[in-house]
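1. Give me the fold of what follows.
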Amino acid sequence: MDGLMPLLYAFLGTLVTLAGTMAGSALVFFTKKELSLRTEKLFLGFASGVMIAASVWSLLLPAMEYSVTAGTPQWLPAGAGFLLGSGFLLVLDKVMPHQHRSGIIEGPSSRLKKSTKLIFAVTLHNFPEGMAVGLAFAIAAAGGNISYAAAFALAVGIAIQNLPEGAVISLPLRNEGFSRKRAFFYGTLSGLAEPIAGVLAALVAYITLLVIPWVLSFAAGAMIYVVIDELVPNSQDEHTDIGTIGAIAGFVLMMLLDVVLG
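-> Alright, predicted model coming up:
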């Protein structure tokens, strides 16, 4: 990639997804009531559908196209990069203390507060999302095989599924006695991982175009790990199909955004 414009666009693109987290966190200024279990499961399912579709249309397929251009077998970066991304999240899952929305605590034991562990959990999710969006905008700015429209579609899809993530952090903090401003701040803080990850991914691609299919596949593997490890299990309930409905809706929306706008 020539010039610094791809890095700038990577940063600006991930600000769209950060705005989604901020909007969700801002609910704390209007209500103290947490999301109902049914609503949360709907959003979790929706997020899983968005991330699965984005991993295929916005990441893996472009990675295969770039592999052809680079003269590399299509399956190599797509498969190996995918495994590296999922493996990376697996390692972070083991070494970073965090607490899932279900209440399950993972990682090494620590004396960190519940709110801090919850923020870490959401940050883990936001990292691959930021990589995906940042790299998509960087490739578009460099005149690659991802258009601005496709990159923006990806950013919008991720921003929509970020809305409940901000609320899931800020609203419980408010109920625990945090001020509205402080609860909003911590909700927003969890989304800052996306601009950071987006710029880092774009910077790696900036150094050499040969790694682009690997980084795209890496982000896809990390996103699918999040989907399988937490989003799908926590969206399911023995008494309702609301999580499954959300997943189908999210998948179709993200697919349409990418195909129509891309």
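2. okay, CA-based contacts and neighbour counts for the rest of this
-> OK.
3. All the strands of the chain, residue numbers only.
-> Counting by DSSP state E, the chain has strands at residues 98-99, 105-106.
4. Give me the below-cutoff pLDDT ranges for the stretch 101-250 of the chain.
-> For the stretch 101-250 of the chain, the stretches with pLDDT under 70 are 101-107, 112, 114-115, 239.
5. and with 80 instead?
-> Where the stretch 101-250 of the chain drops to pLDDT under 80, the residues are 101-123, 125, 145, 206-210, 237-240.
6. Which pLDDT value goes with the residue of the chain most remote from its centre?
-> Distance to the chain centre peaks in the chain at residue 71, reaching 29.6 Å (criterion: C-alpha atoms, centre = their mean). We have a pLDDT of 76 for residue 71.
7. measure it to residue 135 for me?
-> Per C-alpha to C-alpha, to the nearest Å, residue 71 is found 21 Å from residue 135.
8. Same question for residue 65.
-> Distance, residue 65 to residue 135, by C-alpha to C-alpha: 15 Å.
9. More neighbours: the two, which one.
-> Each of residue 65 and residue 135 has its neighbours counted (other C-alpha atoms under 10 Å); residue 135 has more, 35 against 14.
10. so what's the closest residue in space to the more buried one that isn't next to it in sequence up against?
-> Leaving aside its chain neighbours, residue 135 sits nearest to residue 202 (5.0 Å; criterion: C-alpha to C-alpha, 6 or more residues apart in numbering). Going by C-alpha atoms under 8 Å, 6 or more residues apart in numbering, residue 202 touches 6, 7, 10, 131, 134, 135, 138.
11. go with 7 Å
-> By C-alpha atoms under 7 Å, 6 or more residues apart in numbering, the contact set of residue 202 is 7, 10, 134, 135, 138.
12. for residue 186, same thing?
-> Contacts of residue 186 (C-alpha under 7 Å, 6+ apart): residue 170.
13. Give me the distance between it and residue 33.
-> In terms of C-alpha to C-alpha, residue 186 sits 17 Å off from residue 33.
14. tell me the contacts of the residue nearest the centre of the chain?
-> Centroid-nearest residue in the chain, with C-alpha atoms, centre = their mean: residue 129, separated by 2.7 Å. Contact analysis of residue 129 by C-alpha under 7 Å, 6+ apart lists 194, 223.
15. so who does the residue nearest to residue 193 when sequence neighbours are not counted touch?
-> Leaving aside its chain neighbours, residue 193 sits nearest to residue 127 (5.6 Å; criterion: C-alpha to C-alpha, 6+ apart). Contacts for residue 127 (C-alpha under 7 Å, 6+ apart) come out as 193, 194, 197.
16. Most neighbours out of the residues you listed, which is it?
-> residue 194 (29 neighbours).
17. Name the nearest residue to it, ignoring sequence neighbours.
-> Spatially, and ignoring its direct neighbours in sequence, residue 194 is nearest to residue 130 (3.7 Å; C-alpha to C-alpha, 6+ apart).
18. Against residue 195, how distant is that neighbour?
-> From residue 130 to residue 195 the distance is 6 Å (C-alpha to C-alpha).
19. Touching both of the two, which residues are there?
-> Counting by C-alpha under 7 Å, 6+ apart, the common neighbours of residue 130 and residue 195 are residue 14.
20. Perfect, that will be all.
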